[in-house]
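Undergrad: What shape does this take:
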Amino acid sequence: MTVNEMLVALQTRVEDPSEDIFNSVIKLEALNDAQSRVINLVQLGSLTEITKVQSPCSGNPYRMSSLSPAYYGSGGSIVLVKYTLSDVYSTHIGLGGVKSLEARYLSPTAEAPYFYIWDASLSLFTGLSADDIKVFYISEPTTLMAGGSCSLSESLQEIIVLIAEGICWAISDQPSRAENAFKIAYSEIKSINSKGV
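TA: The predicted model follows:
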């Protein structure tokens, strides 16, 4: 779906064909806000259209600033780390898990490496070379502009329009209609996430 088609769908949903209440600027802002919300709410595996690969990577810690352009949403932008020569995937651990790596049974090995993210850096726990990794990450989505296109899948575009509808209803002080649109959108997101894509 093009951004113009998304604007028309939103215009229909908010029952404003002559744009008396919501002009195209407001609707575009709502669509871009909704796109950010969707990216932060769906599982990373559902964002294949904006997943990029950086390889080869070097350094430990690896500075994520070289992942360009990366999207730093609430869940971070790293989807996975793969050691290319050994075909092993690294497990992401939170900062609380770093201390537990001192336990003998959790010690990282070449067969079971770990990584964590701190201060915009990816730190590796393994005996493998950091030059040997591919970093899969979520890139910055395209800003939605009239005449442009949306870089997310068709199913996510529909959810973006639903959330944008909720945003518009909230702006126009119609909370029950906003709540209804948000409920439907979040129900769709829950359904997508439950599939474990």
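Undergrad: From the rest of the structure, what touches the longest helix along the chain?
TA: Counting residues, the longest helix found in the chain (DSSP state H) is helix 175-194. For helix 175-194, contacts defined as CB atoms under 8 Å, 6 or more residues apart in numbering pick out 13, 38, 41-43, 46, 155-156, 158-159, 162-163, 165-170. For every residue, glycine as well, the C-beta is placed using N, CA and C.
Undergrad: Out of the residues you listed, which sit inside helices?
TA: Residues of the contacts of helix 175-194 located in helices (DSSP H): 13, 38, 41, 155-156, 158-159, 162-163, 165-170.
Undergrad: What's the ChimeraX line that selects buried ones from the residues you listed?
TA: Remark: buried members of the ones in helices among the contacts of helix 175-194, expressed as a ChimeraX selection using 16 or more other CB atoms under 10 Å:
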select :13,38,41,156,159,162,163,165,166,167,168,169,170
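Undergrad: how about the ones in helices among the contacts of helix 175-194, which pair is most distant?
TA: Across these, no pair lies farther apart than Ser155 and Ala170, at 23.4 Å, counting by CB to CB.
Undergrad: center of the protein - which residue?
TA: In the chain, the centroid-proximal residue (CA atoms, centre = their mean) is Ile39; its distance is 3.5 Å.
Undergrad: how near is that residue to Lys27?
TA: Distance, Ile39 to Lys27, by CB to CB, to the nearest Å: 19 Å.
Undergrad: now the helices for this protein?
TA: Going by DSSP H, the chain shows helices at 3-13, 24-41, 95-100, 154-171, 175-194.
Undergrad: Just say which of those is most tucked in.
TA: Among the helices of the chain, helix 154-171 has the highest mean neighbour count (mean count of other CB atoms under 10 Å), at a mean of 22.
Undergrad: what sits against Phe115?
TA: 78, 81, 90-93, 122-125.
Undergrad: Let me know the pLDDT of it.
TA: Phe115 is assigned a pLDDT of 79 by the prediction.
Undergrad: Report the helix or strand with the lowest average pLDDT across the chain.
TA: For the chain, using mean pLDDT, DSSP states H and E, the weakest element among its helices and strands is strand 62-63, scoring a mean of 68.
Undergrad: quick one, domains of this structure?
TA: Annotated domains of the chain cover 3-44+152-194, 50-138 [automatic domain parsing].
Undergrad: neighbouring contacts of stretch 23-40?
TA: Applying CB under 8 Å, 6+ apart, the contact partners of stretch 23-40 are 3, 6-7, 10-11, 22, 47, 50, 71, 73-75, 138, 141, 143-146, 150, 152, 156, 159-165, 167-168, 171, 189.
Undergrad: 6 Å instead?
TA: 6-7, 10, 73-74, 141, 144, 156, 159-160, 163-164, 167-168 (CB atoms under 6 Å, 6 or more residues apart in numbering).
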